[in-house]
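*Asks:* I need the structure of the sequence given here:
(2 chains)
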Amino acid sequence: DVKVTQSSRYLVKRTGEKVFLECVQDMDHENMFWYRQDPGLGLRLIYFSYDVKMKEKGDIPEGYSVSREKKERFSLILESASTNQTSMYLCASGAGSIYGYTFGSGTRLTVV
Amino acid sequence: RKEVEQDPGPFNVPEGATVAFNCTYSNSASQSFFWYRQDCRKEPKLLMSVYSSGNEDGRFTAQLNRASQYISLLIRDSKLSDSATYLCVVAVQGNTPLVFGKGTRLSVIA
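*Replies:* Here you go, the predicted model:
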């Protein structure tokens, strides 16, 4: 089975801090994605990547950046954390949309 | 990316009941369809893909109606463990990001 590992399950950060969320997958998937999930808003796509060093903006990229230096690793960066970035962050990977995605277990980030 | 619409529920059903969820999608070019299940405070997990001819996996049956642009999920003989949020998911083309509905919450009651 594909395994998608997110480095932290729970994280508490202060406003203004730079935050790194790491995601690693072990199935050699080309495609990786970062979502955030909030009550009533569902899953919203932040950024995605189809290849190393490649990135595409999703629906809500403001306040975030990403890095994909290696195929298996996709990092989400909050340049200056704000309280409205308190959320559940979910990383996913996939071989192509027709196969669906596998999600990591999520990082629940609280910005205080 | 186009919208995927679902009734948020909650659907509260007794054990053993049959329950059906529908989902509509707005982009007629959509090509891939899925149902995901998400337990409380957990990640979404793929429940089943949805094929044009319809498909079944145990107590779960998925149907696709391209003409009306809706997808359905039928759960027979509901179990307490079926309580979760069910996400309808659509992709327009081979490698465009999946579009997720906001989910339908199901509670199966003893």
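
*Asks:* For chain B, what lies in contact range of chain A?
*Replies:* By C-beta under 8 Å from any C-beta of the partner chain, the residues of chain B that approach chain A are B:1, B:31-32, B:34, B:36, B:41-46, B:49, B:87, B:89, B:91, B:93-98, B:100-103. Where C-beta positions appear, they are placed from N, C-alpha and C, glycine not excepted.

*Asks:* Filter those residues down to the buried ones and hand me the ChimeraX line.
*Replies:* Buried members of the residues of chain B next to chain A, defined by 16 or more other C-beta atoms under 10 Å in any protein chain shown, are picked up in ChimeraX with:
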select /B:1,32,34,36,43,44,46,49,87,89,91,96,97,98,100,101,102,103
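
*Asks:* Contacts for the helix or strand bottoming out on mean pLDDT in chain B, please.
*Replies:* Least confident helix or strand, chain B: strand B:99-100 with a mean of 93, by mean pLDDT, DSSP states H and E. Here strand B:99-100 makes contact (C-beta atoms under 8 Å, 6 or more residues apart in numbering or on different chains) with A:35, A:42-43, B:1-4, B:25, B:36, B:44, B:87-92.

*Asks:* Give me the sheet partners of it and which way each runs.
*Replies:* Each strand paired with strand B:99-100, and its direction, by DSSP bridges: strand B:84-91 (antiparallel).

*Asks:* okay, and for the chain, where does confidence drop off?
*Replies:* Assuming you mean chain A. Counting by pLDDT under 70, the ranges of chain A that qualify are A:1-2.

*Asks:* The chain in question should be chain B.
*Replies:* Checking chain B against pLDDT under 70 turns up B:1-2, B:94.

*Asks:* Run through the strands of chain A in chain order.
*Replies:* For chain A, strands defined by DSSP state E occupy the ranges A:4-6, A:10-13, A:19-21, A:23-25, A:31-38, A:42-49, A:56-57, A:64-70, A:73-78, A:87-94, A:102-103, A:107-111.

*Asks:* quick one: the residue lying farthest from the centre of chain A from residue B:32, how far?
*Replies:* Distance from the centre of chain A peaks at residue A:98, with 20.6 Å (C-alpha atoms, centre = their mean). Counting by C-beta to C-beta, to the nearest Å, the gap from residue A:98 to residue B:32 is 5 Å.

*Asks:* list residues touching both of those two?
*Replies:* By C-beta under 8 Å, 6+ apart, residue A:98 and residue B:32 have these common neighbours: residue B:91.

*Asks:* so what's residue B:55 up against?
*Replies:* Residues near residue B:55 by C-beta under 8 Å, 6+ apart: B:48-49, B:61-62.

*Asks:* coming back round to it: which outside residues touch the helix or strand just after the least confident helix or strand of chain B?
*Replies:* Going down the chain from strand B:99-100, the next helix or strand is strand B:104-109, by DSSP states H and E. Residues outside strand B:104-109 that contact it (C-beta under 8 Å, 6+ apart): B:6-15, B:17, B:19, B:21, B:23, B:75, B:78-86, B:88.

*Asks:* Also stretch B:68-75?
*Replies:* B:18-26, B:28, B:30, B:33, B:35, B:47, B:50, B:59-65, B:82, B:86, B:88, B:90, B:106.

*Asks:* rewinding a little: in this structure the residue farthest from the centre of chain A contacts residue B:31, no?
*Replies:* Yes - Residue A:98 is within contact range of residue B:31, at 7.5 Å (criterion: C-beta atoms under 8 Å).
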